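1. No sequence on hand, only this structure:
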């Protein structure tokens, strides 16, 4: 029987999706379920890992059913995932010892400060490509081992495993306690503060610094090879699981950013721009991350510079859920179009501190420039504009690090449906913004990685040939107005600094 599809599992920050892709890279069917966002206290963000796994199983079933397909139609499974979110579980029972600690969580700030010591956030940056920050997985694992009763003892006995959510899903799909495969790929491993960015192997000295036994860590593999097969009792029994990419790297792959200097930006819960820098890592001098972009089988790893922004789409959720400005996230564009400008108001969404290029964990969100004139429409517009301003800050840093000015920007993610936002971004960057025909490039990138491993696709050329432009925006704002807005934004950002101190949780 000829295999018709590749199945991609996209385990994201707010939901899990399963998508069947055709050989042409088009979507055949989708299943999607949201999971709970757990906020035990200010700055803490958790997910129930069991709920995520249950949802993954359900969405795979939905995608197959809606597509009138069975596992016999599936050539391979690819996994993409929210990256730095950490799961620690008992390998004997398959049960997590604590909720997954999400990448947005800031509880590990004291751990991070202690690890930095007198040298500060850049102490291990040359080794790992990353600054010490609450964003990354290693400190989250240390927190669990230090604070969950019995966890340290169980880890020392070799009973506990750690993984980002790709490893959690893969382990369960391949058998769990009964022979589950404990693996991650180089892109996810590069986000833990535990991997040597040059050798692509776990660094024992970093694990020791964080008090994490090496026995907890998954084996690091490439982004495209057969890791294992679906368990007999599962929905895809015997189907090879052969692609893993962290969500932002998956989107870069799905956008066919294979040449040095090509870049994409994903607009989802957060905002993540990656620029392909080739087979040698470039160490940023301007607040960016050095990360692995992808590694296909035995081919050399390709690196990227990344600008990570914590809050973009989640800002719109906050306006909806916490402030009640509208009932549907899509309504933010309707409100923003009711006014001609932001009325002088600027929203800086530093809910988890500021990520690139500032890396200020002491920052917290602010709305500034308020007068009696400002109404909810101005706030909606200012929220969308904040996404464009944050994008420009990252592009400025990327241009400085790479020495090459960005000429166009490929975009993807849920927010690219907002056409007013896409125009804002084009105006602020003064370059053209391009949305692909298939905007689900994160899941598509994972599908490509899996399909290439089993010969469903013939490598990067097939990815290039499948990519098609959907819509393009060109800058239309006057230079003077663009610079005025950006100057005021930069001033607004400074108002968020130094908010968290010793007596502010």
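-> It's in. Predicted model only: the values in this text are computed from it and were never measured. Residues are numbered from 1 along each chain as shown.

2. Near residue 400, how many other residues are there?
-> 15 (other CB atoms under 10 Å). The C-beta positions use only the backbone N, C-alpha and C, and glycine is treated the same way.

3. So it versus residue 492, what's the distance?
-> Distance from residue 400 to residue 492, counting by CB to CB, to the nearest Å: 22 Å.

4. what do you get for residue 78?
-> When CB to CB is the yardstick, residue 78 and residue 492 sit 40 Å from each other.

5. for this structure, which spans come out with low pLDDT?
-> 1, 502-505 (pLDDT under 70).

6. Please identify the residue most distant from the middle of it.
-> For the chain, the C-alpha farthest from the mean C-alpha position belongs to residue 372; by CA atoms, centre = their mean, that distance is 37.8 Å.

7. Note down every partner strand of the host helix or strand of residue 80 and its orientation.
-> Assigned by DSSP states H and E, residue 80 falls within strand 74-81. Sheet partners assigned to strand 74-81 using DSSP bridges are listed as strand 5-11 (parallel), strand 240-246 (parallel).

8. So which other helices or strands are in contact with the helix or strand that comes right after the last one?
-> For strand 240-246, the following helix or strand on the C-terminal side (DSSP H and E) is helix 247-254. Judged by 3 or more CB pairs under 8 Å, 6 or more residues apart in numbering; DSSP states H and E, the packing partners of helix 247-254 are strand 74-81, strand 263-267, strand 271-278, strand 289-294, strand 302-309, helix 441-453.

9. out of the ones you listed, nearest to residue 225?
-> When those are ranked by proximity to residue 225, the top entry is helix 441-453, at 5.3 Å, counting by CB to CB.

10. Show me what secondary structure element comes after that closest one.
-> helix 460-466.

11. how distant is that following helix from the center of its chain?
-> With CA atoms, centre = their mean, to the nearest Å as the basis, helix 460-466 stands 23 Å off its chain's centre.

12. got the contact list for it?
-> Contact partners of helix 460-466, identified using CB atoms under 8 Å, 6 or more residues apart in numbering, comprise 24-25, 253-254, 256, 258, 296, 448, 452, 457.

13. mind listing what the helix or strand that that helix is followed by pairs with, with the direction of each?
-> Following helix 460-466 in sequence order, the next helix or strand is strand 469-473 (DSSP H and E). Paired neighbours of strand 469-473 in the sheet (DSSP bridges): strand 432-436 (antiparallel).

14. list the buried ones in the strand it pairs with?
-> 433-436 (16 or more other CB atoms under 10 Å).

15. mind giving me JSON lines with these and columns for distance to residue 175?
-> Below are these laid out as JSON lines (distance: CB to CB, whole Å):
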{"residue": "433", "distance to residue 175": "44"}
{"residue": "434", "distance to residue 175": "42"}
{"residue": "435", "distance to residue 175": "40"}
{"residue": "436", "distance to residue 175": "36"}
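
16. Which member of the residues you listed is positioned nearest residue 206?
-> When these are ranked by distance to residue 206 (CB to CB), residue 436 comes first, at 37.0 Å.

17. doesn't residue 412 make contact with that closest one?
-> Yes - using CB atoms under 8 Å as the test, residue 436 is close enough to residue 412 to be in contact (6.5 Å).

18. shared neighbours, these two?
-> Shared between the contact lists of residue 436 and residue 412 (criterion: CB under 8 Å, 6+ apart) are residues residue 255.
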